[in-house]
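>>> sequence and predicted model, in that order:
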Amino acid sequence: MEIIGFIAAIGIGLILGLIGAGGSILTVPVMVYLFRIEPYLATTYSLFIVGISSLIGMVPYGKNKLVDYKTSFFFGIPSILGVFIMRHYIHPMLPNEIISTPDMIWTKDLLVMLLFALLMLKASFNMIFKKESSTIAQKSKSSILKIGIQGLMIGLLVGLVGAGGGFLIIPALVIFNKMPIKTAIGSSLFIIAFNSLFGFLSSKNVLAIHWPLLLEITGIAIIGMLLGTWLSQRIDGSKLKPFFGYFVLLMGILIMMNELL
């Protein structure tokens, strides 16, 4: 299973490099199902893998002036605050058994995986059906405020499930800031990198990490990331979203069925 996991790690980096989103939401299921890491610790692994990969993958976008650092700042600072609140205050307060019924015990780990599946379904519909504008519009105070709120909400999400949030960041940047898709991808990688690395550093279970395995997976993901970034300069990334959307849709359904059945 680990061999399949390493192949999947290349795919995670490849997808992140190509479309600036989506790859991170696959990392936790890969950690859980292929490397047999318990779900909450898997979110910590995910934050490190996604953070380092995104940071390296962002460099070519930055060199080509495809990162909007000002907007990323307005979006990123509230999202980092959301990550901090979730990792330090909200998540540690959640009991291991959230809901208990005669037929099933809903544990924190189970609900994390179900939340992942629901996010996958949402992300897949965004990728398959959402039409993205490539026009540039003047930023307004209200749009900056909305972006800050979106950043806070996505930061809370990142802290809870260990996802980079790019599948939500890119639509927010395009819709609220009218950002061209390529710039949104580069800016998304920038925000994902710092969100994820901050979330990792603020985690309380870092000592439980098996570092040789984590570094090995991260190195393989970086190879995929560099390949994806290289391809993204030659392929229209928006055309890849529907195909990846169907893949995410299938994975979300399979994870939900596996957890519930």
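Looks like it arrived, so ask away.
>>> what element comes up after the helix or strand of the chain with the lowest mean pLDDT heading to the C-terminus?
Lowest by mean pLDDT, DSSP states H and E among the helices and strands of the chain is helix 166-177, with a mean of 72. Of the helices and strands lying after helix 166-177 in sequence (DSSP states H and E), the nearest is helix 181-201.
>>> do a quick rundown of the strands in the chain.
Counting by DSSP state E, the chain has strands at residues 97-100, 105-107.
>>> most packed of those?
strand 105-107 (a mean of 14; mean count of other CB atoms under 10 Å). Heads up, the C-betas are built off the backbone N, CA and C, glycines and all.
>>> quick revisit: would you list the strands of the chain in a markdown table and tack on distance to residue 30 and mean pLDDT?
Shown next, in a markdown table, are the strands of the chain (distance: least, CB to CB, whole Å; pLDDT from 0 to 100):
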| stretch | distance to residue 30 | mean pLDDT |
| --- | --- | --- |
| strand 97-100 | 24 | 76 |
| strand 105-107 | 20 | 78 |
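>>> for the ones you listed, which one sits closest to residue 160?
Proximity to residue 160 (CB to CB) singles out strand 97-100 among those, at 12.7 Å.
>>> against which helices or strands is that closest one packed?
strand 105-107, helix 108-129 (3 or more CB pairs under 8 Å, 6 or more residues apart in numbering; DSSP states H and E).
>>> pick the most buried one from those.
helix 108-129 (a mean of 19).
>>> ok so, going back, any chance of the strands of the chain in TSV with distance to residue 151 as columns?
Putting these into TSV (distance: least, CB to CB, whole Å) gives the following:
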stretch	distance to residue 151
strand 97-100	27
strand 105-107	30
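>>> surely residue 44 and residue 209 touch.
Yes - Residue 44 lies in contact with residue 209 (CB atoms under 8 Å); the separation is 6.7 Å.
>>> hang on, the earlier thing: in a markdown table: the helices and strands packed on strand 97-100, plus distance to residue 186.
Formatted as a markdown table, these follow (distance: least, CB to CB, whole Å):
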| stretch | distance to residue 186 |
| --- | --- |
| strand 105-107 | 38 |
| helix 108-129 | 18 |
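>>> of all these, which one is nearest residue 176?
Of all the helices and strands packed on strand 97-100, it is helix 108-129 that lies closest to residue 176, at 14.6 Å by CB to CB.
>>> what phi and what psi does the backbone show at the residue located most distally from the centre of the chain?
When each C-alpha in the chain is compared with the mean C-alpha position (CA atoms, centre = their mean), residue 102 comes out farthest, at 34.6 Å. The phi and psi values for residue 102, taken as degrees, to the nearest 10, are phi -60, psi -30.
>>> quick one: low-confidence parts of the stretch 151-261 of the chain?
Along the stretch 151-261 of the chain, segments meeting pLDDT under 70 span 162-165, 167-168, 171, 175, 237-241, 244.
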